[in-house]
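In: need the 3D shape of this:
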Amino acid sequence: MQTETRSLELNDLSRLALALRVAQQPEVIFREVYALACETLGCKLFTIMSFDAERYEVERLYTNMPTVYPPGGRKKKRGSAWAGHTLGNLQPFRATDPEGIRAAFDDHAVITGMGLGSILNIPVAYDGRCVGTMNLTHVEAWYTQAHEGAGLLLASFLAAPLALYQRQAKPQAAPPWRVAGCA
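Out: Below is the predicted model:
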């Protein structure tokens, strides 16, 4: 069990910046964010979700436990207090005990059944809207408010990959800054 973490450092941000530059995205940046989240925030279960605002559902793109939470899994989120807080208002969500997890998530039995009792969901925002979430789960009473700031910083490295994923999933009109005749 991971019982010690360390502070997020400048060389960690350099590590993420370099990870964005290499081929095989978004897998490389997802793995690096996961590794740093474990080192600095601590986690047992880690997932990255894309948020589809039209359908108001999230889709799992990355997980460290594919047999329990496989990539491609989707969850409807319309109407939940968690969705308004995290997806709508772009605020981190933190529950520090199994009761808090039960109150927020339909799949609480799977999470708590693994002995996990603390969760931190960080909204990933781009251009003023939620494009996904970074989700960390650990033992009861693990996450504190102090973890939220570092979580927001780590999650910011997921904004471009998640926005690009959404753009590829739903092609949109040319951006307004594109000049006619330029590629």
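
In: what ranges do the helices span in the chain?
Out: 10-21, 27-40, 81-82, 98-104, 108-113, 145-156, 159-169 (DSSP state H).

In: looking at the ones you listed, which is buried most?
Out: helix 27-40 (a mean of 19; mean count of other C-beta atoms under 10 Å). Using the backbone N, CA and C atoms, a C-beta is placed for each residue, glycine as well.

In: off-centre distance for that helix?
Out: Distance, stretch centre to chain centre, for helix 27-40: 11 Å (C-alpha atoms, centre = their mean, to the nearest Å).

In: tell me the helices and strands packed up against that helix.
Out: helix 10-21, strand 45-52, strand 57-63, strand 129-138, helix 145-156 (3 or more C-beta pairs under 8 Å, 6 or more residues apart in numbering; DSSP states H and E).

In: same thing but 7 Å
Out: Counting contacts by 3 or more C-beta pairs under 7 Å, 6 or more residues apart in numbering; DSSP states H and E, helix 27-40 packs against helix 10-21, strand 45-52, helix 145-156.

In: which one of the ones you listed lies closest to L61?
Out: strand 45-52 (5.2 Å; C-beta to C-beta).

In: just the CA trace of the closest one, in PDB.
Out: In PDB, the C-alpha atoms belonging to strand 45-52 read as follows (Å, rounded to 0.1, in the frame of the first residue of the first chain):
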ATOM      1  CA  LEU A  45      -7.500   3.400  -8.700                       C
ATOM      2  CA  PHE A  46      -6.900   6.100 -11.400                       C
ATOM      3  CA  THR A  47      -9.000   6.900 -14.400                       C
ATOM      4  CA  ILE A  48      -9.200   9.600 -17.100                       C
ATOM      5  CA  MET A  49     -12.600  10.300 -18.500                       C
ATOM      6  CA  SER A  50     -13.800  12.400 -21.500                       C
ATOM      7  CA  PHE A  51     -16.900  14.400 -21.000                       C
ATOM      8  CA  ASP A  52     -19.600  14.600 -23.700                       C
END
